[in-house]
Structure formats: C-alpha cells, structure tokens
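In: I would like to see how this sequence folds:
(chains A, B, C and D, ligands or ions: 6)
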Amino acid sequence: MQRIVEQPVMARVLERRDEAADLRTLWLERDMAFQPGQFVMVWIPELDEKPYTISALRPGRIALTVRRRGVFSSRLSDLRPGESVGLRGPYGKGYAIKPRGVLVAGGCGLAVLAPLKDALPDAPLIFGARTRGELLFLDRFPDMLLCTDDGSAGQRGFPTDLLRPRLERGEVGVVYTCGPEVMMKAVFDLCERHGVECQAALERYMKCGFGLCAQCACGDQRVCLDGPVFDSAALRRMEEFGHWARLKSGRRVTLNEYGNWRSCRP
Amino acid sequence: MQRIVEQPVMARVLERRDEAADLRTLWLERDMAFQPGQFVMVWIPELDEKPYTISALRPGRIALTVRRRGVFSSRLSDLRPGESVGLRGPYGKGYAIKPRGVLVAGGCGLAVLAPLKDALPDAPLIFGARTRGELLFLDRFPDMLLCTDDGSAGQRGFPTDLLRPRLERGEVGVVYTCGPEVMMKAVFDLCERHGVECQAALERYMKCGFGLCAQCACGDQRVCLDGPVFDSAALRRMEEFGHWARLKSGRRVTLNEYGNWRSCRP
Amino acid sequence: MADLTTTLCGIRMANPLVLASGVLGTTRAILTRAARAGAGAVTMKSISLEPRDGHPNPTILTFEAGVINAVGYSNPGVEEALAEFADLGDVPSPVIASVVGRNAEEFARVAERMARLPVAAIELPLSCPHTPGYGTLAGQSTPEATREITRAVRAVTAKPIFVKVSPNAQALGEIAAAAEQAGASAITAVNSMGPGMVINIEARRPVLAFKMGGVTGAALRPVALRCVYDIYRTVRIPVIGTGGVATGRHAIEMLMAGATAVGVGSAVAGGGVEVFARIAAEMAEWMDRNGVARVEELIGAAHR
Amino acid sequence: MADLTTTLCGIRMANPLVLASGVLGTTRAILTRAARAGAGAVTMKSISLEPRDGHPNPTILTFEAGVINAVGYSNPGVEEALAEFADLGDVPSPVIASVVGRNAEEFARVAERMARLPVAAIELPLSCPHTPGYGTLAGQSTPEATREITRAVRAVTAKPIFVKVSPNAQALGEIAAAAEQAGASAITAVNSMGPGMVINIEARRPVLAFKMGGVTGAALRPVALRCVYDIYRTVRIPVIGTGGVATGRHAIEMLMAGATAVGVGSAVAGGGVEVFARIAAEMAEWMDRNGVARVEELIGAAHR
Ligand SMILES: Cc1cc2nc3c(=O)[nH]c(=O)nc-3n(C[C@H](O)[C@H](O)[C@H](O)COP(=O)(O)OP(=O)(O)OC[C@H]3O[C@@H](n4cnc5c(N)ncnc54)[C@H](O)[C@@H]3O)c2cc1C
Ligand SMILES: Cc1cc2nc3c(=O)[nH]c(=O)nc-3n(C[C@H](O)[C@H](O)[C@H](O)COP(=O)(O)OP(=O)(O)OC[C@H]3O[C@@H](n4cnc5c(N)ncnc54)[C@H](O)[C@@H]3O)c2cc1C
Ligand SMILES: Cc1cc2nc3c(=O)[nH]c(=O)nc-3n(C[C@H](O)[C@H](O)[C@H](O)COP(=O)(O)O)c2cc1C
Ligand SMILES: Cc1cc2nc3c(=O)[nH]c(=O)nc-3n(C[C@H](O)[C@H](O)[C@H](O)COP(=O)(O)O)c2cc1C
Ligand code: FES
Ligand code: FES
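Out: Ligands and ions are numbered 1, 2, ... in the order given. Below is the predicted model of the structure:
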C-alpha cells in the first residue's frame, strides 16, 4: 500500500557557482539521505519537472550541477539565491560499493560520480571531456586522471584509453561509470572483455520517478526505480543499452536522436 | 489522520451457555486486548450492529453475555456454534483501577463488571437483581453480595442498601458501577454524599463507536469514546445523566421511555 | 503571531475552521464543546421536517483511506431541534443550521423555522449520496433543483444561505452559479463522494446496512480541492472548502484553492475534538514562518 | 491449493489479476516482466492515432490516500505501437490493447490496426478525466457516445472489446448497458476518479502541470467497488473490477462485488512489480482457509 507521499517540497537556493562553460552548481537548503547514483525530481512551478543528480552534500544543503541546455536547465541555472524549486526523491538505486573500484566519468556525468568520489577518496577517478573548457571540479578532485578529445588538457583521447591499462594490469575490482551512453557502452564492453564488473548510471526520460509509469523503460528495467545504476548482469540483458532510448511520447529512437545530455554537447 | 480501519472482522461462535432466564453467554473465537468497561460493536450481516461488552476473556476466545430482548439480541442469542458475527473494537475508556474499590452491579450490568471482578478478585462485588431467576454468574463469583427486589435471594432491597454501610464505615476508595441508569444515579448520589469517587458505565444508542457522530452524546461527552465509563467529575457535569437519553433519531426522552436495557426488564 | 480571524458572509470567525455537518453536531452541548475546542464555526447535524431514524447500523466505517457512511439523515426533526438549539448562548462560535428536505417546499418550511434560532447561517445540503428522498438520490444535485430550492429558502429568511454541493456533480460550475443567482451567500464544497462500498469477504456482504455510503476524509481531499478551485473561478460568493482536511497544510491548500473557510469532519475520527486547535496552530505556525499575516492573503492564492 | 484460473470472454488467465492500462505498459519488454511477475493478463498504455507527448511534468504524484496523475495519454502512436508490440510471443499472459480516439471514427481506425496484433482483446477507455479531446472531457462518458464508439469498433474487429467506464459517470448503469447492447464483451470498471488537485502551499500553485488529474489507488477503492456492484446488476457481460486493489482481500472484495477479473495499477507504486504475485498468493491463501476451490465461486457472491 502506498504510504509515502511523492510530492515536491520546496527548497531555497542558497548560493550558486559557475563550474565551467554553461555549467553551474546550485546549493539548495535541504537535508537528504542520498546514495551516489540516485537522483531527485526538480520542479519549477508552471514550467516542468526533470531529474537531476545531487553532485555534493553538506549538512543542511545539497548541490545540483546543471548544464544550461534547454529551457528548463536554463531557468534552473538562472535561479537566484532566495528563490525556490521543488524537490522530490531521492529516487532509484545508487552505486554498490565494492573493493578496488575505479570511477570513469564523461562530461557532466562527473556530477553523478562526484559524491561517490567523496565517499571513496582513494579510488582513481578518470574524467574525460571534449575540451579543456568543459572540465569541472578541478579543485575539488585534484587527483583526477584527465583526458580530452582534443588534448587541450590531460591526455589526448577517451576515458577508455586511461581505463584499459588498469584493467590489463588486473588492478580493478569494479568500474563505476557515468557519462554519455556511448562512452558508458564502450566502458562496459571493455570491462566485459576483462571480466570486471561495471556499474553504469543510465539516463532516460522520466515522469513518475518511482516505478509506476515505465516511461523510463530500458529493456524490461525502469531506470528510475530498478536503476539508474545497473550492474554488468543487468546491462548484459538490456538490448537497448547503448543503442536506443525513448522520447517523451515513448517513441524509440537512436541515442544520437535522443540527444545525449551527459555529453554536455548541445 | 485516520489510519485504523474501523470495520467488523468476523468471529466464529465456539460455544454458548444459558446464564439465567433470557440471558445467554456466547464464546467467540478472538484474541483481544480489552479493558473492563470497554465494548465492541457486534454486526449481524443484513440485520444491524449493536454495542456489547465482553463479559469474560480467555486466550483465543471472548464472551458476550446477551439478554434476549428485541430482534437483534434474540438473533444473537440464537447463533449456533460455527456461525459467525462481525466484531469491531474494543472501543471506549474502561474503569480506572484505584485502591479499595467496591463493585456495584445491577441486572445484566454484571456482564460489564465481571471482567473487572476477574482482575480484582478481592474487591467486594454487590449484585442486585429483580428476582432470583435473573441472577447470573453465581458459580463464577461465589463471594458476591446479593440482593433482590423481592427478597427471593440474598438480602431484600437494592444494591445501594448494601453499599451504604461500607461507605459509612469509610472502607471504600472507589465505587465501580454498572446497571440500570437509575440505579447508577442512586449509587453516584450516595458516593457524592460520602465524598467517594464513583465510576459508572453509561449506555447510549451508538452508531460509529469511535467518536465521530456524537449520536451517543450525554451532555457534552461521547459515551462511545469519552466513556462509556465516566468518573464522578464527569458525571457531575452531565445534566442528562440519570434523567435523559436519546433515541436513534437523536430525540431526547426520559430514561424510562428510552428503555433501560441494563435493568434486564422487558 | 499570524491573525487567523476571517469573515464569511459577514460572520466573524476566530479561525477559518468550520465543524462540518453530521460530525459531532447532534446537540447543543457537543457543539459547545467543538467550539471551545477551537472550531471557528460549528454546523449542526442536518435537520429534516419529521424525525428520522436513518439507516440501520452499520452506518459509519473507516477504510484505509478515509471514512464511509450511510447515516441517512437521522435527526430528531425540526420541532425537537427548535428546543435543543433554542439557547445557543454558551456556544462560543457562530452556529450554522443544516436543513434538508424532500423538495423545495419542505426545505423552505424547515429553514424558515430553523432561521428563527440564533444561528448565523442556514446550510442546504443538496448533495447527500445515500439517503433516498434527499440530495443526489432525489435529483437535488442539478442546476435547476439548486435554483428552485435556494430561491424557496431565500424567500423565507434573510440569513446567509450556504448551498452544499456534491463532488460527483458533473455540472458543478453551473450548480454553483445557479445557487449564486438564486440568492445563496456561499457554497459549501463538498459533501461526501461516491457513494462507495465496503464488502466483508467472510460475511460475503456489503457492510453498511444501506450497502453503499458517502466517502469522506483523505480519499476525498484532492477531489474537494479541485471542486473548490473550479467553483472559485465560477462564482463571486465565498466557498467553504470541505473534504479531507486533517492538518494545517491541508487547510491552507483549501484556502489557496479559493476557500474563505475550511470545513473539517472526518479528521475528528483520527484526531479527536482536539483536531481544531491542532490545525489552527499548524496554520498559524506556517503563516508565521512564511511571512503571511492574515488569512485573506491566502484565499485563492493558487489562482494568481 | 485453490485454483486461481479464470476465463474472461473466452480468454484463459492463470489468475484474475490484470495489469491496468497506463501503469508499466509502455513496452513489450515491460509487459513481459509484469506477466512473468504474476499478472494474469496485461494491458498496454493507451494508444492513439498520432504520437502524443502528453502533459508536461509533473504528471504523476501520490498523496496520503493514493495516486493522482495527468499523464495525458503520452504514447508513440499506432504506427510505432504496431512495431513495438508486433511480436508478443514471449509475454506469458494474454495482452490487452488499450485504444483511444477523439471520436468514434478515430477509435475504429486505431482499433482496427491494433486488433491485427496478437492481442487478446481491445480496451476502450471512454473515461479519462484529464486529457482534453479524449474521454470525459470529450463527452465520451455518456450512454450515446458509448454506444456509438463501441459500435464503430465492433464493426472493425471480432476480438473481445472491453469498454472502460468512469467512476464519476452519473448514468453508469445506462453506460454499461449501452456498451453491452453495442457489442462490448466486458466492462472495465473503473478509470480514475475526479479529477482532483494537489497544491503546493509554498509555491502557491497546483503541482500537476495540467493542474488537475485523475485520482486512483486506495482513495478510489470503495467507489470502484460500488461501481462494479452496480454494473454487475445491470449487464450480463463480465466486469474487470479496477480501482485501489492492493491486497488479496481487496481482490476478493472486487470478485464478490461482481468482477470476473481484477485490475491492478496504482498498487505497483507501493508494492513494485512483485505486487501481482503477492496478491495472487494472498487470494489463494484466503480461498484455502475458507474452503473456496475456484474463483468462479466468488464472483458476485455479495449479491446472493
Ligand atoms: C537520472 C538523471 C539524472 C540527471 N542528472 C543531471 C544533472 O545532474 N545535471 C544536469 O545538467 N542534467 C541532469 N540530467 C538531465 C536533466 O534531467 C535534463 O534532461 C537536462 O537538464 C536538459 O533539460 P532541458 O529542459 O534544459 O533541455 P531540453 O532542451 O528540454 O531537452 C534536451 C534533451 O534533454 C533530455 N531530457 C529532457 N527532459 C528529460 C527528462 N525529464 N529526463 C531525461 N532526459 C530529459 C532529452 O534527451 C532532450 O532531448 C539528469 C537526467 C537523469 C535521467
Ligand atoms: C456500551 C454498551 C454495552 C452493552 N453491553 C451489553 C451486553 O453486554 N449485553 C447485552 O445484553 N446488552 C448490552 N448492551 C445493549 C445492546 O447493545 C442492545 O441494546 C440490547 O441487546 C437490545 O438490543 P435489541 O435489538 O435486541 O433490542 P431492541 O428491541 O431493538 O431495543 C430495545 C432497547 O435497547 C436499546 N438499544 C437498541 N439498540 C441500541 C444501541 N445500538 N445502543 C444502545 N442501546 C440500544 C434501546 O434503549 C431500545 O429501546 C450494551 C449497550 C452499550 C451501549
Ligand atoms: C458520519 C458523517 C455524517 C455526515 N452527515 C452529514 C449531514 O448530515 N449533512 C451534511 O450536509 N453532510 C454530512 N456529512 C458530510 C460532511 O459534512 C462533509 O461534507 C464531508 O464529510 C467532507 O468533509 P470531511 O472529509 O472533512 O469529512 C457527513 C459526513 C460524515 C463522515
Ligand atoms: C499513472 C497512471 C496512468 C494511467 N493511464 C491510463 C491510460 O493511459 N489509459 C487508461 O485506460 N487508464 C489509465 N489509468 C487508469 C488505470 O488503468 C486504472 O483504471 C486506475 O488507475 C484505477 O486502478 P488502480 O487504483 O489500481 O490504479 C492510469 C492510471 C495511472 C495511475
Ligand atoms: S519514470 Fe515512471 S517508472 Fe520510471
Ligand atoms: S457512536 Fe458515534 S460518536 Fe459515539
């Protein structure tokens, strides 16, 4: 029987901070028990409601790191201290911590992995972006292993290039990843070849956020409740992973067509 | 917020036993946490639902002691082992136990006081009935102090006649009473004169049983929830006590007109 | 501290909470108690021309999401009610008389007499879903019947008239407008919903003796809120928002939907008579925390 | 062990539980999962002629007594649906296609194509309370519209047709009878109730983007039960009793009210996909304890 009331509760913006081109962190007044990988539904009254992860937590406050991309994320980024948004959640299943983990982030997927890195300060964190201007959290995680597509910062290349040697050396127990789904698919395939577990946080269009509507379906999984973090066993069974996603109407399209918000590319 | 579901739960009749002329005890299959003075609403499907006290409890079973009087009580009395009735409750406030109590029962009001006597085996129990044939629980409480209006058993006279000397001797801490309201009024008045607390279990027509409808109002008290047991302080404030009661429509009538079921007189 | 006083059709209330009809309102003494416990106004159990026993028991149950009842307008009739409520001097809040009839003429006859009592207003429930001869079952929940009954009562009293509507009515806006045009002073929204049913599966029978009954409490709350919201957009007379209110937040939702006062009934089942003081305290606390000084600032706020 | 199998319009089901439309039913893979999890039959999310985005978010919330939604029939349209559900071979339970349209002609066009899929039946919701152009808001919840739409769909398919009705409809018996006369094979009772509203008092705004939405879950249960009870007395075709069912006892109440099968939707919110297996187990356990061997013995038992 439904006992929990799934309704937004308003939270005030306390401060905001620019992280990179088009990327801004908003600190909101809220205490929350949150597992890295989970998400909240963020409501802007009379506009829309969308899922965001919590990129950092402190007593009495939580952070959203938002890429300015469409109407909603722009309105969200532009909220001033003192203004409020509605939050419901946290929802979903976060990362399951195991020994000898490596974190692999792509673009603003780092927002999802950031609180996991906070919890696992000694775990290596590989972070790839298209170019130097899209890097974020450089001060927060000075030990990040960086790469850029254009070589403007860190190693030139993809996060998989930094992950591969570690897998080959057999020093990896589990890979936690978040980023564009094509990147996560590449990370997963690599892990499969090395027999290493991979946990990936998927992104799908969401409505309820608590497992009722299956608008967020990927294979037979609801990304909002069964995920958003899935392990290798689950990813293996998901034909859609890395290939297809569904628009608001439920129409299935290629990932390219879906628009890959995590790539932080318009 | 309402969380408890107030609906009858069916209970099977296990056995039945004749107690006196027109008085029968039904044992029902049910475990219940019950305070003497409380009551349950008894439902006979497609007939009606009425309040009854629990006259005895044993592990896994409870007893109703019913005077055959109208259609409902007759149908209830005639239920055979294996048949079922619905029960909801227990409802209301029972007797508050205090030192040096005396129990004063009139007629089938003894059904209400019986479980209290079980809990206080050393407390004196005064029991009055119109005539010998209406006495009950003679085996269960061999130490009862009996009286009858016609002198056919025990002392001739009213329960107040047996209570008075004890009050005068100052040996009574509290009087627990249940019986015809005129009798309870007399007991209360007597207690007042001796400055002794009196707790009386009132009877009024009931609908919800849980304090919503105030169909059972006596003064500004709901007999079902605030009572049915009231102490001297409450009784003093109730102008209606001993004088008036309300019919099913809510019409206020004298106690005589109301019909005094506890007198066990037709 | 926030000021909870409100004025409904000229009736001053210490807070916007109104004891809903049919809950606790059987006697003067109980009305007094509810008012002392913090109800800003109190409504009598509905009174009909003749005494009525109502339906047999069971008449009132709860289920996992609220209350279900088929009391069937048990009441001692207008004659007896005139005696019971003759003196309302010790009731510290305004008293609303609830009047029912089988037709416009009967409504007027009862209302005319009840209006002689020191009551602040006359409420007309046209909307009970479980009493044959009355309310929805007598076709009173239409714009035409609403107009006719309200007019008939307006002709016999100058006191404020509250027309109480059903959440089931499909033409709710039209009904409210008809009431307004015919002289109603306020709309009470809403009466109980459905009807619904509860079956005991061991007995294999509906539990209510009338088989079906009106659904109230938590289950009704969002529907009631939407009715209030709709009615607020349709008429200019005030609305008494009623249905499922059990907390200060719920009461404030009702105000923001457009209610000027807030009815509370079923919440007494879980919260006791104390529920009025608690809801009022929660309202005041919220208003203080959110810089709202007066109830008026909240009325209809969700529309702006 | 009690036998939970039941037959609905010739459709054999392992148990009487039907996944209700709009819950989980977006894809073939999810339908497969619900069926494997124990649903005796599964219903697709409603399909319209063209793709629909539905209302903006928030679209689905819960409140203290159930669920409130204004999804607004988001769906990929019939073309895409034909691809999505072309192969239903791995769904272990019968699949029901839910079809919506703005008028009888559109209903027939979509139904005709959906009926070519390997589905067991076509469901026609005439009763959504929050989607402009469809259901209640398009006047489909009347006996006349029901007759016209059912007839139009009957003309294009020989498959069983389930007409899904609204708990708000005042002429529920007439609507069910109109459906039966026009060729419906069963009545699905009921769709969501209201609509209702939820207001966030800090934001001072209705939370649902469409402002109002249909109320389902616990709040709806007694009303749904009464609708099923009424319809069972009115028509001879079977009823799929839907609304608030979350336990085996609830499902048995529905059967006793007259349902042949029992829809389950909102309970997935609290109980997960596992809710079907749990409800079925609770039903079997109760039947064993009460000496009931087969589901048929329970259907309509509260009427006898
Ligand atoms: C679990 C999860 C966590 C997320 N965390 C973050 C985060 O921490 N930071 C961040 O910037 N973004 C995050 N997003 C994406 C975010 O929800 C928005 O999609 C994004 O901000 C773009 O919104 P927009 O309206 O501005 O863009 P639009 O122009 O409206 O949309 C652009 C694209 O965004 C995607 N999109 C839109 N709405 C949704 C939705 N409700 N769910 C999923 N995708 C959608 C679609 O692919 C669309 O094509 C997360 C998404 C999910 C599912
Ligand atoms: C708290 C409480 C505990 C009770 N405990 C017992 C008990 O242990 N044993 C017992 O035999 N009776 C008990 N009664 C009385 C019982 O509820 C019935 O009233 C009684 O059995 C007569 O019912 P009837 O339908 O057979 O008689 P009827 O002929 O219908 O009624 C005769 C009279 O009984 C009274 N009465 C009827 N219905 C009710 C009602 N719902 N509530 C109160 N009074 C009513 C009226 O005064 C009526 O005039 C109790 C009543 C109350 C309020
Ligand atoms: C037990 C009970 C009896 C009721 N009797 C009446 C009545 O006599 N007249 C009336 O107008 N409304 C009656 N109602 C409806 C209430 O006044 C109110 O409109 C409804 O319960 C919704 O409010 P709530 O959810 O706060 O209870 C009754 C409600 C209940 C629960
Ligand atoms: C989120 C949600 C979406 C729904 N969408 C549809 C729909 O598309 N078509 C339909 O016929 N009914 C739809 N319904 C109604 C359900 O099928 C069902 O009739 C109703 O929810 C009552 O059952 P329940 O209380 O078990 O949920 C929806 C219900 C919910 C909660
Ligand atoms: S968003 Fe509704 S099930 Fe995931
Ligand atoms: S019987 Fe309803 S309040 Fe006592």
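
In: from here on, contacts and neighbour counts on C-alpha atoms
Out: Noted.

In: residues from the stretch 151-266 of chain A in reach of ligand 2?
Out: Residues of the stretch 151-266 of chain A lying near ligand 2 by C-alpha under 6 Å from any ligand atom: none.

In: now the element after the helix or strand of chain C with the lowest mean pLDDT, going C-ward?
Out: Least confident helix or strand of chain C, by mean pLDDT, DSSP states H and E, is helix C:267-271 with a mean of 91. Sequence-wise, the next helix or strand downstream of helix C:267-271 (DSSP states H and E) is helix C:275-289.

In: tell me the gap between that next one and the middle of its chain.
Out: 21 Å (C-alpha atoms, centre = their mean, to the nearest Å).

In: buried sites along stretch C:150-162?
Out: Applying a neighbour-count criterion of 16 or more other C-alpha atoms under 10 Å in any protein chain shown, one finds C:150-154, C:157, C:159-162 buried in stretch C:150-162.

In: no, scratch that, I was asking about stretch A:195-212
Out: Neighbour counts using 16+ other C-alpha under 10 Å place A:196-212 of stretch A:195-212 among the buried residues.

In: before we move on, the earlier item: and which of the buried residues of stretch C:150-162 is nearest to ligand 3?
Out: residue C:162 (10.4 Å; C-alpha to the nearest ligand atom).

In: can you name the residue of the stretch 1-150 of chain C nearest ligand 6?
Out: Residue of the stretch 1-150 of chain C nearest ligand 6, by C-alpha to the nearest ligand atom: residue C:24 (6.8 Å).

In: oops, could you answer that again for the stretch 151-266 of chain A instead?
Out: Closest point on the stretch 151-266 of chain A to ligand 6, by C-alpha to the nearest ligand atom, is residue A:212, at 38.8 Å.

In: circling back to that earlier point, now the buried residues of stretch C:150-162 as TSV including distance to ligand 4?
Out: Formatted as TSV, those follow (distance: C-alpha to the nearest ligand atom, whole Å):
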residue	distance to ligand 4
C:150	36
C:151	40
C:152	41
C:153	40
C:154	42
C:157	45
C:159	43
C:160	40
C:161	37
C:162	34
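
In: quick check: the gap between the closest residue to residue C:132 other than its chain neighbours and residue C:146.
Out: In space, and not counting its chain neighbours, residue C:132 is closest to residue C:138: 6.7 Å by C-alpha to C-alpha, 6 or more residues apart in numbering or on different chains. Separation of residue C:138 from residue C:146 (C-alpha to C-alpha, to the nearest Å) stands at 12 Å.

In: mind checking which of those two has more residues around it?
Out: residue C:146 (30 against 18; other C-alpha atoms under 10 Å in any protein chain shown).

In: let's verify the spatially closest residue to the more buried one that is not a sequence neighbour: helix, strand, or coil?
Out: When the adjacent residues along the chain are set aside, residue C:146 lies closest to residue C:179, with 5.9 Å between them (C-alpha to C-alpha, 6+ apart). Going by DSSP: H, G, I helix; E, B strand; the rest coil, the secondary structure assigned to residue C:179 is helix.

In: take the buried residues of stretch A:195-212 and keep only those in strands.
Out: Using DSSP state E, the members of the buried residues of stretch A:195-212 that fall within strands are A:197-201.

In: could you pull out the strands for the stretch 151-300 of chain C?
Out: C:161-165, C:186-189, C:193-197, C:199-200, C:205-206, C:212-216, C:239-242, C:261-264 (DSSP state E, counting those that start in this stretch).

In: on that earlier part again, ok, and which of the buried residues of stretch A:195-212 reach ligand 1?
Out: Answer for those near ligand 1 (C-alpha under 6 Å from any ligand atom): A:203-206.

In: which sections of the stretch 1-150 of chain A are below the confidence cut-off?
Out: Applying pLDDT under 70 to the stretch 1-150 of chain A flags residues A:1-4.

In: tell me where it has strands.
Out: Using DSSP E, counting those that start in this stretch, strands in the stretch 1-150 of chain A cover A:9-20, A:23-29, A:39-44, A:48-52, A:56-58, A:61-67, A:84-91, A:101-106, A:125-129, A:145-148.

In: winner for burial among those?
Out: strand A:125-129 (a mean of 29; mean count of other C-alpha atoms under 10 Å in any protein chain shown).

In: how far away from the center of its chain is that one?
Out: Using C-alpha atoms, centre = their mean, the distance from the centre of strand A:125-129 to the centre of the chain it belongs to is 13 Å.

In: how about stretch C:262-273?
Out: Mean-position distance between stretch C:262-273 and its chain equals 12 Å (C-alpha atoms, centre = their mean).

In: what does stretch A:21-37 give?
Out: What separates the centre of stretch A:21-37 from the centre of its chain is 12 Å, taken as C-alpha atoms, centre = their mean.

In: just the buried residues of stretch C:150-162 now: which is nearest ligand 2?
Out: Relative to ligand 2, and with distances defined as C-alpha to the nearest ligand atom, the nearest of the buried residues of stretch C:150-162 is residue C:162, at 32.7 Å.

In: so what's the closest one up against?
Out: Contact analysis of residue C:162 by C-alpha atoms under 8 Å, 6 or more residues apart in numbering or on different chains lists C:121-124, C:184-188.

In: cutoff 6 Å now
Out: C:123, C:184-187 (C-alpha atoms under 6 Å, 6 or more residues apart in numbering or on different chains).

In: select only the buried ones of those in PyMOL?
Out: Buried members of the contacts of residue C:162, defined by 16+ other C-alpha under 10 Å, are picked up in PyMOL with:
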select buried, chain C and resi 123+184+185+186+187
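
In: distance to ligand 4 added to the contacts of residue C:162, as a markdown table?
Out: Listed next are the contacts of residue C:162 as a markdown table, based on distance: C-alpha to the nearest ligand atom, whole Å:
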| residue | distance to ligand 4 |
| --- | --- |
| C:123 | 34 |
| C:184 | 36 |
| C:185 | 37 |
| C:186 | 34 |
| C:187 | 30 |
